[in-house]
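**Q** I would like to see how this sequence folds:
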Amino acid sequence: MGVGLRTFAAGLSLAAALVATGASAQRVPFAYGRRADPLLESRFKVFEIDWRQQLVERGLLEYEPREIAGPAVDDLTGEIVVATRDGVVRLLTPTGREIWRTSIGAAATGTPLLTDEAIYLGGADGSLHAVARFDGAVLWSTFVAAEVLEKPVVDGGLVFVGTDHDAVHALDERTGESRWVYRRDTGSTLSVRGGTGVSIGAGRLYAGFSDGAVVALSPEDGRLLWQSQLARSDIDKFPDSDAVPVYREGTLYVTVYNEGTWALDAENGKPRWQADTRGATSLTLDDDLLFVGGADAWALHAGTGAVVWTIDLGKGWTTQPLVVKKLVVLSGDPGMMFVERSTGRPLRVFDPGSEFASAPAARGSEIYALSNLGYFYALRTALKP
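**A** Model prediction:
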């Protein structure tokens with residue numbers, strides 16, 4: 001699927017267009033997925049494939065299979081956990097050797113969380129599952145009555161998860177017993193496919209909902225500490241706050257699909273700045289830049305919200321941006337785009353013949369990604385430091 005090109009202001013040369021400045025952010029023109037695009041860098045290798053495995057075979061009647069649970073990697077050991085649509089969870093070594101496999105009995109729906117003792121992940125059966133880290137034994141499964149689409153968070157002996165039914169659950173880390181539930185009545189607005197994600201910062205639990213509200217909760221009992229309604233009252237389509245809130249040093253970064261990206265005061269929810277990134281569904285904070293994914297891709301200055309660069313994806317989309325050294329990896333439809341972190345300059349496209357519906361993971365120079373056809377890839381960036 002091609003990307004619509006949006007032209008630059010008259011008089012800008014191509015060289016100037018590819019360099020973003022603080023005074024004038026640039027929109028990068030790019031025919032996404034077209035290998036012959038003249039803007040693709042052909043002078044050097046950007047990545048290479050270390051290995052790949054087919055984890056799931058396509059069923060005879062599967063028209064458009066989707067793998068919506070991304071992989072997760074342990075920064076210390078390099079071990080990788082990957083869960084697939086057939087309900088199988090695998091723990092792999094960095095070279096792809098299988099350590100163990102188990103089944104949770106339902107398609108995996110969210111990126112797993114690894115701890116020293118367990119792996120937590122959601123399933124299409126509406127449950128959160130916990131399996132033992134070292135042998136894959138199922139420890140517990142707790143029904144939360146909806147799909148968990150984002151990575152769980154563990155803090156203070158509790159596992160926190162948001163669901164696609166606008167609820168946040170706190171479960172006992174060892175037993176899976178429910179400690180509290182926060183539910184939000186979001187009305188009947190038309191929303192995009194997404195779920196509530198949660199994050200922890202400064203003793204508060206943060207979550208966004210499909211009505212465009214962002215809240216801070218007490219981790220101990222789910223008590224509402226503050227709420228900020230970011231979607232305008234006249235919007236009746238896609239007011240979702242789908243990105244997992246990102247906390248850093250008193251600031252909370254969030255999105256609303258039809259509104260943009262916000263920086264909020266994490267103590268009271270009051271806005272500090274807003275950027276026009278309509279179609280935003282995910283966030284990644286790296287040093288001074290906030291990378292936004294969704295219907296397009298953006299880089300914002302984290303302190304001011306100023307747009308540094310934008311990539312027009314046309315009718316495509318991207319999952320959560322992944323920063324790997326000097327690169328930003330944008331996975332989605334179609335394939336995986338490698339762009340320069342500071343300018344958004346497109347360097348390469350990895351198109352394995354199917355989309356990536358889940359976000360990739362990285363450790364060092366290694367990138368791990370699961371395609372919708374069930375192939376698991378280990379890529380290594382080849383750019384020199």
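**Q** okay, CA-based contacts and neighbour counts for the rest of this
**A** Fine.
**Q** just checking, next helix/strand downstream of whichever strand or helix holds Gly332?
**A** Element membership for Gly332, per DSSP states H and E: strand 327-333. Next helix or strand after strand 327-333 toward the C-terminus (DSSP H and E): strand 335-340.
**Q** which helices and strands does the helix or strand following that following strand pack with?
**A** Proceeding N to C from strand 335-340, the next assigned helix or strand is strand 346-350, under DSSP H and E. In terms of contacts (3 or more Cα pairs under 8 Å, 6 or more residues apart in numbering; DSSP states H and E), strand 346-350 is packed against strand 335-340.
**Q** any idea which helix or strand carries Trp180?
**A** strand 178-183.
**Q** could I get the full set of helices for this protein?
**A** 14-17 (DSSP state H).
**Q** ok, the residue nearest the centre of it to Val46 distance?
**A** Residue closest to the average C-alpha location in the chain (Cα atoms, centre = their mean): Gln320, at 3.2 Å. Noted for Gln320: a distance of 20 Å to Val46, by Cα to Cα, to the nearest Å.
**Q** pLDDT weak spots in the stretch 251-385 of the chain?
**A** Where the stretch 251-385 of the chain drops to pLDDT under 70, the residues are 334, 384-385.
**Q** which residues in the stretch 51-200 of the chain form strands?
**A** Counting by DSSP state E, counting those that start in this stretch, the stretch 51-200 of the chain has strands at residues 72-73, 80-83, 88-92, 98-103, 113-114, 118-122, 127-132, 138-143, 153-155, 158-162, 167-172, 178-183, 198-201.
**Q** between those, which gets nearest to Val308?
**A** strand 198-201 (25.7 Å; Cα to Cα).
**Q** residues in contact with Gly201?
**A** Tyr247, Arg248 (Cα atoms under 8 Å, 6 or more residues apart in numbering).
**Q** what's across from it in the sheet?
**A** Bridge pairing for Gly201 (DSSP bridges) gives the partners Arg204.
**Q** separation between it and Leu217?
**A** For Gly201, the distance to Leu217 - Cα to Cα - is 11 Å.
**Q** likewise Thr163?
**A** Distance from Thr163 to Leu217, by Cα to Cα: 15 Å.
**Q** now Val198
**A** Distance from Val198 to Leu217, by Cα to Cα: 10 Å.
**Q** now do the shared contacts for those two.
**A** Joint contacts of Val198 and Leu217 (Cα under 8 Å, 6+ apart) are Leu205, Tyr206.
**Q** and Thr163 and Leu217? which has more neighbours close in?
**A** Per other Cα atoms under 10 Å, whichever of Thr163 and Leu217 has more neighbours is Thr163, with 26 against 20.
**Q** was I right to think that one contacts Gly197?
**A** Yes - in this structure Thr163 lies within contact range of Gly197 using Cα atoms under 8 Å: 7.4 Å.
**Q** between the two, which contacts overlap?
**A** Leu149.
**Q** from the chain's centroid, how far away is stretch 325-333?
**A** 11 Å (Cα atoms, centre = their mean, to the nearest Å).
**Q** what's the answer for stretch 205-213, then?
**A** For stretch 205-213 - counting by Cα atoms, centre = their mean - the centre lies 16 Å from the chain centre.
**Q** end to end on that stretch, go ahead and measure it.
**A** 14 Å.
**Q** what's the closest non-adjacent residue to Ala299?
**A** Phe291 (4.6 Å; Cα to Cα, 6 or more residues apart in numbering).
**Q** count the residues that sit near the one you found.
**A** Neighbours of Phe291 under the rule other Cα under 10 Å: 26.
**Q** so what's the residue nearest to Thr261 when sequence neighbours are not counted up against?
**A** Nearest non-adjacent residue to Thr261, counting by Cα to Cα, 6+ apart: Thr255, 4.3 Å away. Neighbouring residues of Thr255 by Cα under 8 Å, 6+ apart: Ser241, Asp242, Ala243, Pro245, Thr261, Trp262, Ala280, Thr281, Ser282.
**Q** do that again at 6 Å, thanks
**A** Neighbouring residues of Thr255 by Cα atoms under 6 Å, 6 or more residues apart in numbering: Ser241, Ala243, Thr261.
**Q** can you list those residues in JSON lines and add neighbour count and distance to Leu139?
**A** JSON lines is the format used below for the contacts of Thr255 (neighbours: other Cα atoms under 10 Å; distance: Cα to Cα, whole Å):
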{"residue": "Ser241", "neighbour count": "35", "distance to Leu139": "32"}
{"residue": "Ala243", "neighbour count": "30", "distance to Leu139": "29"}
{"residue": "Thr261", "neighbour count": "29", "distance to Leu139": "38"}
